[in-house]
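Colleague: Take this sequence and fold it.
(chains A and B)
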Amino acid sequence: MNLLIAATIGLLTACGVYLILRLRTFPVILGLTFLSYAVNIFIFISGRLAPGLPPIIDKAATGYTDPLPQALVLTAIVISFGMTAVLVLMAIGAHLGAGNDRVDLKDDGEAGQ
Amino acid sequence: MSHLVIAPILFPAVLAGLILLLPQRLSLQRLLAFGGAAGFAGLALMLLGRAATPLAYHLGDWPAPFGIVLIADGLSVLMLLVLSAVALPVLLYVMASGWDARGRHFHALFLFLLAGLAGAFLTADAFNLFVFFELLLIASYGLMVHGGGAARLRAGIQYVGFNLVGSTLFLFALATIYAVTGTLNMADLAQKWPLLPPGDQALARVAAVLLLMVFAVKGALVPLQFWLPGTYAAAPGPVAALFAIMTKVGAYAALRLGWLVFDAGPTAGMWAQLLQPAALATLALGAVGVLGSRALPRQAAFAAIGSMGLVFLGVAAFTPAATVAALYYLIHSTLAGAALFLVADLAGRNVRSGPVAVLFMASAVAVAGLPPLSGFLGKILLLQSLAGQAPLIWSAVLLASFLTVVGFALTGSARFWKARATAPAAVEPLALAATALLLAGLVAITVLAGPLTVWLQTVAQGLADPAPYIAATAPQSGG
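Modeller: Down below sits the predicted model:
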């Protein structure tokens, strides 16, 4: 289980990093989404893996899983969802304005970095 | 428990919500936004009077390590004051120059940015710091592309993308810290960090470096500064001026967490070791950038990078004297950087105008750190506090200052002196006055440098001795 989760996080991060290095906005947005999936799972397991145990008080429970990372990951999911929406809108705006969806700034001379 | 502590977050946020209900009434929006910024400054001043010892606010009255705590101590209040000192003139400038009429929702985003920044400065919880970072960033995304245009939107995408990667790093760092310590409350972290078992120390070091990278992205430290020149040069002038405080959020967070948590236990001295070379490289890159760029907004952006190098040089030492110097230079560079961006915006619209040229001269002198303005005093304080490493740091700082002076002299003569005479467009007197107000702030911190440094010493002392800060976090009886 630990190995599976760790490998998943690693794979998602690797895909995310590869995609955000692309030159077009769509892969970059996908890459950021992959990265946020990876970090969400990472936060989730930062309270250690405890399958099948409840996070809130339950008389029949034999043990508990840490509830705080679950609250943290909920916040992180909401924020990354909102940020992705903003980025998608801006990417559409830039695409419609410039006629292409390149990320780099090379074509307008002085503003390039 | 004083509700005053949360007021600088709630007040602008509520007003921003009100403004959203009035989409067609620009004059009413301006009134509310100005009231918001002025009220914000008033709240910061009230906190200044009360925060001799750290004031805590337990959200929902939950006890400390479980609930979220806001704490107003000297450093937080200082940052709030600097923020209001930049926000008011910039808002005046925006109204005078009509930037707010070039797109929608400027004032609402402006107040949301104030609320987010105030939250970042006040919170005493690391995850809450992340949330407020996101709040101020999402407002800044809107402000950055205000007015639209293909080039600005494209620069905006880079800005958002870079910061989203930064946010992801922040979450990785926080989750790692939570995994090794089981807490994200800063005061609680400060107590648990030095006692980490040896098995967790490697993980703790990784988390500390990840966190430092996040603050380096915010503070535009080399090699994570790539987002800044394009963003600031493409953003509307007054927005770039307001963003002068945004890079300081990185310095603030590094100071706060460096002093409180990360300069102890498994990571003692590590941030200092990493920050100092990065700060020197930032300083060098800023100076070369100022020398190499001809467009004024871009030059101002590189000057902002260079000033972050100096601030971080002071931060990196983690000694009270260097912290005083870093804070003094932080106040100075925020005001001077904002003034330079406003001048760049003015100069972009009025090719040859006497008053604008004078303002450029004054703000260039300030940014380059020449006497008689406060940048000079800030640099002296910094050089004195780092006298132990004189050969490397003194030569780097002095050389960078020289390059900056030459860069601004070249631009100034090409731009204002040799420019072909064209019919000058009308300059709004209020826009000039707003820029002059920022420069007047610089004169004020120069004249009052004595009392100011005395107060900054108490602020630095509050960082060096975290016991009152930690005590304030603990639940108080009858609170």
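Colleague: Spatially nearest residue to the most centrally placed residue in chain A, not counting backbone neighbours?
Modeller: The centroid of chain A falls nearest to residue A:36 when counting by C-alpha atoms, centre = their mean (0.7 Å). Spatially, and ignoring its direct neighbours in sequence, residue A:36 is nearest to residue A:80 (3.9 Å; C-beta to C-beta, 6 or more residues apart in numbering or on different chains). (C-beta placed from N, C-alpha, C; glycine too.)
Colleague: List, one by one, the residues from chain A near chain B.
Modeller: Residues of chain A lying near chain B by C-beta under 8 Å from any C-beta of the partner chain: A:20, A:25, A:28, A:32, A:35-36, A:38-39, A:42-43, A:46-48, A:68-69, A:72, A:75-76, A:79-80, A:82-84, A:86-87, A:90-91, A:93-94, A:97-98, A:102-103, A:105, A:108, A:110-113.
Colleague: Locate the residue nearest to the centre of chain A within the secondary structure: which element?
Modeller: Per DSSP states H and E: residue A:36 is located in helix A:25-45.
Colleague: helices or strands next to the helix or strand following that helix in the packing?
Modeller: Using DSSP H and E, the helix or strand that follows helix A:25-45 in sequence is helix A:68-98. With contacts taken as 3 or more C-beta pairs under 8 Å, 6 or more residues apart in numbering or on different chains; DSSP states H and E, helix A:68-98 sits against helix A:25-45, helix B:126-144, helix B:150-181.
Colleague: For those helices, could you give me TSV that also reports mean pLDDT and distance to residue B:397?
Modeller: Shown next, in TSV, are the helices and strands packed on helix A:68-98 (pLDDT from 0 to 100; distance: least, C-beta to C-beta, whole Å):
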stretch	mean pLDDT	distance to residue B:397
helix A:25-45	93	37
helix B:126-144	93	30
helix B:150-181	91	28
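Colleague: Need these in a markdown table (columns: distance to residue B:295).
Modeller: Formatted as a markdown table, the helices and strands packed on helix A:68-98 follow (distance: least, C-beta to C-beta, whole Å):
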| stretch | distance to residue B:295 |
| --- | --- |
| helix A:25-45 | 25 |
| helix B:126-144 | 18 |
| helix B:150-181 | 12 |
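Colleague: sorry, back to before: buried among the residues of chain A next to chain B? Need that as a selection in PyMOL.
Modeller: Burial among those is assessed by 16 or more other C-beta atoms under 10 Å in any protein chain shown; the matching PyMOL selection reads:
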select buried, chain A and resi 20+25+28+32+35+36+38+39+42+43+46+47+68+69+72+75+76+79+80+83+84+86+87+90+91+93+94+98+102+103+105+111+113
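Colleague: how about residue 43, what does it touch?
Modeller: Picked chain A for this. A:69, A:72, A:73, A:76, B:171, B:174, B:175, B:178 (C-beta atoms under 8 Å, 6 or more residues apart in numbering or on different chains).
Colleague: let's do chain B instead
Modeller: B:4, B:7, B:8, B:11, B:80.
Colleague: can you confirm it is in a helix?
Modeller: Yes: when DSSP: H, G, I helix; E, B strand; the rest coil is applied, residue B:43 is found to be in a helix.
Colleague: how many neighbours does residue 8 have?
Modeller: If you meant another chain, say so; for now it's chain A. Counted with other C-beta atoms under 10 Å in any protein chain shown, the neighbours of residue A:8 add up to 14.
Colleague: switch to chain B, that's the one I care about
Modeller: 31.
Colleague: near chain A, which residues of the stretch 201-350 of chain B show up?
Modeller: Neighbours of chain A within the stretch 201-350 of chain B, by C-beta under 8 Å from any C-beta: B:226, B:229, B:230, B:233, B:234, B:293, B:294, B:295, B:298.
Colleague: what bits of the chain have low per-residue confidence?
Modeller: Unless you meant another one, I'm taking chain A. A:105-113 (pLDDT under 70).
Colleague: not quite, I wanted chain B
Modeller: The model of chain B has pLDDT under 70 over residues B:1, B:350-352, B:419-425, B:475-479.
Colleague: where along it do the strands fall?
Modeller: With DSSP state E as the criterion, chain B has strands at B:55-58, B:69-72.
Colleague: most packed of the ones you listed?
Modeller: Sort the strands of chain B by mean neighbour count, taking mean count of other C-beta atoms under 10 Å in any protein chain shown, and strand B:69-72 sits at the top with a mean of 25.
Colleague: and residue 2, what is it in contact with?
Modeller: Since no chain was named, I'll use chain A. residue A:49.
Colleague: actually chain B
Modeller: Contacts for residue B:2 (C-beta under 8 Å, 6+ apart) come out as B:50, B:55, B:57.
Colleague: Skip the chain neighbours and tell me the closest residue to residue 13.
Modeller: Answering for chain A, as no chain was given. Distances taken as C-beta to C-beta, 6+ apart put residue A:38 closest to residue A:13, at 4.4 Å, once the chain neighbours are dropped.
Colleague: look at chain B instead
Modeller: Nearest residue to residue B:13 in three dimensions, chain neighbours excluded: residue B:115, at 4.0 Å (C-beta to C-beta, 6+ apart).
Colleague: Within range of chain A, give me the residues from the stretch 51-200 of chain B.
Modeller: Contact residues, the stretch 51-200 of chain B versus chain A (C-beta under 8 Å from any C-beta): B:127, B:131, B:134, B:137-138, B:141, B:145, B:148-151, B:153-158, B:160-161, B:164-165, B:167-168, B:171-172, B:174-176, B:178-179.
Colleague: And the residue nearest to residue B:404 when sequence neighbours are not counted, how far from residue A:26?
Modeller: Distances taken as C-beta to C-beta, 6+ apart place residue B:368 nearest to residue B:404, at 4.5 Å, with adjacent residues excluded. Residue B:368 is 43 Å from residue A:26, where distance means C-beta to C-beta, to the nearest Å.
Colleague: Near residue B:410, how many residues? Count them for me, please.
Modeller: 15.
Colleague: show me what contacts the closest residue to residue A:82 other than its chain neighbours?
Modeller: The shortest distance from residue A:82 to any non-neighbouring residue, by C-beta to C-beta, 6+ apart, is to residue B:138 (6.8 Å). Residues in contact with residue B:138 (C-beta under 8 Å, 6+ apart) are A:82, A:83, A:86, B:112, B:116.
Colleague: ok, whichever residue of the stretch 251-400 of chain B sits closest to chain A - how many residues close by?
Modeller: The nearest approach of the stretch 251-400 of chain B to chain A comes at residue B:295, 5.3 Å away (C-beta to the nearest C-beta). Here the number of neighbours of residue B:295 (other C-beta under 10 Å) works out to 16.
Colleague: Look up the closest residue to residue A:5, ignoring the ones flanking it.
Modeller: Looking at residue A:5 with C-beta to C-beta, 6+ apart, the closest residue is residue A:45, at 5.7 Å.
Colleague: That neighbour against residue A:8, yeah?
Modeller: No: when contacts are counted by C-beta atoms under 8 Å, residue A:45 is not listed as touching residue A:8 (10.1 Å).
Colleague: Can you get me a residue count around residue B:284?
Modeller: Neighbours of residue B:284 under the rule other C-beta under 10 Å: 18.
Colleague: show me what contacts it?
Modeller: Going by C-beta under 8 Å, 6+ apart, the list of residues near residue B:284 reads B:309, B:396, B:400.
Colleague: For chain A, what's the nearest residue on the stretch 351-479 of chain B?
Modeller: When scored by C-beta to the nearest C-beta, the stretch 351-479 of chain B has residue B:411 as its residue closest to chain A, at 13.1 Å.
Colleague: about what we covered before: please tell me how far the residue nearest to residue A:82 sits from residue B:407.
Modeller: For residue B:138, the distance to residue B:407 - C-beta to C-beta - is 34 Å.
Colleague: Kindly report the same for residue A:62.
Modeller: For residue A:62, the distance to residue B:407 equals 69 Å [C-beta to C-beta].
Colleague: Which one's more surrounded, these two?
Modeller: In this view residue A:62 and residue B:407 are compared by other C-beta under 10 Å, and residue B:407 has more residues nearby, 25 against 8.
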